[in-house]
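Chemist: structure for the following, please:
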Amino acid sequence: MHVVDLDQAVRTVRAHCARLTPGTVPRIVTSGNFASPTALLTPLLAELPAARLHALNAQCDLPLHDGVVPETTFVGPGFRRHPRLAYVPCRLSMVPRLFCGPLAPDVVVVHTTTPRNGQVSLGLEVNVLPAAIEAARERRALVVAMLNPRMPWTFGDAEISLDDIDLGVEVDAPLTTHAAAAPSDDARLIGSRVAAEIGDGATLQAGIGEVPDATIAGVLERRGLKIWTEMFSDGVLTLEEAGALDRGTPLRTSFVFGSQELYDWVDDNPRVRMLRTETTNSPAEIARQPAMTSINTALQVDLFDQANASRIGARIYSGFGGQTDFTVGASHSPGGRAFMALRSWHPRADVSTIVPLVDEPVTSFQHGAVVTEQGIAWMWGRDERAQAHNLIEHAAHPRVRDDLWEEARGLGLA
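Modeler: Below is the predicted model:
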């Protein structure tokens, strides 16, 4: 790795892209979520008349001039509703394979620590980046690192050899933090219902959001809990402080975001093992975790227990993400269960989230149970009529139950 200043890095990337096959729009793969190297990306993209910018769950600080096509397999708020959005449907566990094929990178831009012992750490965001770096090395693409002394050093697949990076740019920039809002009354009720089903020694997929936060608040008295998840936030730190976690088992995740306190805790913490997406989201690996408990959410669930978490009408909202991976993996785990947790009524759209039949692409199905503030509708092992009955009577909002029963009869479910 050669350490250069920002201007030299920009010139090198521009020259590299100019040498591509005429007519090629360069693909820039970069760190997503709350770890995007914005201070480096902004001047870099400004020098490229056209580019495809690939980032997972992109936030709103990415620079997207008129020549930039935002590309992703999971849509974040920074790309959502963008008129040039290129959404590539893909289960998160499969995304790394795309970099060796249809989404081959021309430049990879990552946000890392400063070097030590011949390595840097990807810190808070591992995810699909090791695969992107490997694909770049195979095709002689360019790998550029923003070296930030504030980035926490994390272990596992986060550690990258300096030999795999072409250019490093030293940038001292504050990390983006995320402050979770207090869960609503509905979220607390849903979380308490899920928490009541989690026993000592379970393995949690602890994501971010009101319901996961509320669920974690309900398991602080458990002991021996383990973490295997694609991401975690401050809720895991809360479990640690409560003594709920199994201290003999590493906390396995692929990316982290939350408070500065959380970042300070993961820094140089050998118990936190950052793993690449192919591992964290492998259904086979998830299935090996004892009592794997997966908690996901959706926009809609229908009477056949099919969940839509991806689209609103013709507009992509998010994407598959890891929902399918964890639903399948948890369902195969010894003692594991896959929960689908959501409000029974969508407050903004003012509609029921339990519907007769989803008319959008299905994200996941065959959950262990669907949980709303109304109750728990058990799905696994029930015939389809019993599933529909449980959804209507225990998960749906009372004001739509009569309509759902009428639709159920039309679908042969009553």
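Chemist: now the helices for the stretch 301-414 of the chain?
Modeler: Ranges of helices in the stretch 301-414 of the chain, per DSSP state H, counting those that start in this stretch, are 323-332, 384-390, 401-410.
Chemist: for the second one, buried residues please.
Modeler: So the one you mean is helix 384-390. For helix 384-390, the neighbour count (16 or more other CB atoms under 10 Å) marks Q387, A388, H389, N390 as buried. (C-beta placed from N, C-alpha, C; glycine too.)
Chemist: could you dump those into CSV with distance to L239 and pLDDT added?
Modeler: Listed next are the buried residues of helix 384-390 as CSV, based on distance: CB to CB, whole Å; pLDDT from 0 to 100:
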residue, distance to L239, pLDDT
Q387, 32, 98
A388, 36, 98
H389, 35, 98
N390, 30, 98
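Chemist: looking at this, T42 is in a strand?
Modeler: No. With DSSP: H, G, I helix; E, B strand; the rest coil as the criterion, T42 is helix rather than part of a strand.
Chemist: that one touches L64, doesn't it?
Modeler: No. Using CB atoms under 8 Å, T42 makes no contact with L64, being 10.4 Å away.
Chemist: which of the two has more neighbours?
Modeler: Ranked by neighbour count (other CB atoms under 10 Å), T42 and L64 place L64 first, with 18 against 15.
Chemist: surely the more buried one is in a helix?
Modeler: No. Under three-state DSSP, L64 falls outside any helix and is assigned coil.
Chemist: which residues does it contact?
Modeler: L45, L53, P70, G78, H82 (CB atoms under 8 Å, 6 or more residues apart in numbering).
Chemist: low pLDDT regions in this protein?
Modeler: Applying pLDDT under 70 to the chain picks out residues 207.
Chemist: again, only using 90
Modeler: Scanning the chain for pLDDT under 90 picks out 61, 63, 178-183, 206-213, 217, 309-315, 319-320, 346-350, 359-361, 414.
Chemist: can I see the domain layout of this protein?
Modeler: With domains defined by automatic domain parsing, the chain comprises 2-170, 185-410.
Chemist: nearest to H178, out of these?
Modeler: Nearest of the domains of the chain to H178, taken as CB to CB: domain 185-410 at 5.1 Å.
Chemist: about what we covered before: show me which of the contacts of L64 is closest to L103.
Modeler: Among the contacts of L64, and counting by CB to CB, the member closest to L103 is L53, at 11.9 Å.
Chemist: contacts only, for that closest one.
Modeler: Counted by CB under 8 Å, 6+ apart, L53 has contacts I28, T30, L41, L45, L62, L64, V68, V69, P70, E71.
Chemist: what's across from it in the sheet?
Modeler: I28, P70 (DSSP bridges).
Chemist: for it, give its distance to R27.
Modeler: L53 sits 8 Å away from R27, taking CB to CB, to the nearest Å as the criterion.
Chemist: what's the overlap in contacts for these two?
Modeler: E71.
Chemist: one step back: let's have the helices of the stretch 301-414 of the chain in TSV, adding distance to E159.
Modeler: Converted to TSV, those look like this (distance: least, CB to CB, whole Å):
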stretch	distance to E159
helix 323-332	24
helix 384-390	46
helix 401-410	52
